[in-house]
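1. 3D model of this:
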Amino acid sequence: MAQLNTLTANIQREWLARILDGSKRIEHRDATDYWVSRVERVGPPPFRLRLINGMRPDSPEATLLVDRVDLDIPAGQIRLHLREVLETLRWDPAWHARYPPLPAERPFDPSALSTETLVEIPLRLEVAPPLLEALRPGTPVTFTQTLSDEAFEQLTQCPEGTPLVWLAADDEARQVALIGATAPLFGDTVDCTVVALPEGA
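-> Predicted structure coming up:
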């Protein structure tokens, strides 16, 4: 691992504890110019992520292996996927008692859309006809898409809420809720996850 580049960042102890116990497998950073440029400088993964809890020389820290980096477009966040813990320094295992593991992430609940703020945006994505045919209310569908600069900007500037976008194939179009849009930071495509709205919605 000595040949891998290293990205260094501060982290609160409660989140470092959850990373070390395995219940937090993704570290987030705001997708500002500062953080995007720092991640780009260490290059595409794999690389090492050194997380330090504090500013003192004797602060606890851990070094992780990052094997994937993507951008959560609607949230405006960089996601660093943590494959394994490479090293810990000055970490006291007793701290885990103060910060229990995070609960497992719940699967998507279609009924949650009824309480979400749905935001219509003028985004139209051309897709293959079988994708439209596969849409069922409440069932998430994920596909890979290349977005134009204009479409990418529409997503990044979307008001807070769940975006409603159009999927079009031939002469047919359907409005769907875009519940996820992630793009590899070192790539050109976007993984979109959508769910069809109930009839009459």
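2. Touching the least confident helix or strand in the chain by mean pLDDT from outside, list them.
-> Of all the helices and strands that make up the chain, the one with the lowest confidence by mean pLDDT, DSSP states H and E is helix 149-156; it has a mean of 86. Applying Cβ atoms under 8 Å, 6 or more residues apart in numbering, the set of residues contacting helix 149-156 from outside is 73-74, 76, 121-123, 125, 147, 163, 178, 181, 190. All C-beta spots, glycine's among them, are computed from the backbone N, C-alpha and C.
3. Present those as TSV; the columns should include secondary structure and neighbour count.
-> Below are the contacts of helix 149-156 laid out as TSV (DSSP: H, G, I helix; E, B strand; the rest coil; neighbours: other Cβ atoms under 10 Å):
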residue	secondary structure	neighbour count
Ile73	coil	23
Pro74	coil	18
Gly76	coil	14
Ile121	strand	17
Pro122	strand	9
Leu123	strand	19
Leu125	strand	22
Leu147	coil	19
Pro163	strand	21
Leu178	strand	22
Ala181	strand	23
Val190	strand	22
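4. just to revisit the earlier point, now find how far off-centre the least confident helix or strand of the chain is within its chain.
-> 17 Å (Cα atoms, centre = their mean, to the nearest Å).
5. Okay, strands next: where are they in this protein?
-> For the chain, strands defined by DSSP state E occupy the ranges 6-10, 26-30, 47-52, 61-72, 77-89, 118-126, 141-145, 162-169, 172-184, 190-196.
6. The residue nearest to Pro122 when sequence neighbours are not counted - how many residues pack around it?
-> With Cβ to Cβ, 6 or more residues apart in numbering as the criterion, Pro122 has its nearest non-adjacent residue at 7.1 Å, and that residue is Gln154. Taking other Cβ atoms under 10 Å as the criterion, the count of residues near Gln154 is 17.
7. Could you do the one 4 residues further on as well?
-> By the other Cβ under 10 Å criterion, the neighbourhood of Cys158 contains 21 residues.
8. just the contacts of helix 149-156 now: which is nearest Ala196?
-> Sorting these by how near they are to Ala196, with Cβ to Cβ, puts Leu178 at the top with 11.5 Å.
9. quick one: that closest one from Ala17, how far?
-> Distance check for Leu178 against Ala17: by Cβ to Cβ, to the nearest Å, it reads 33 Å.
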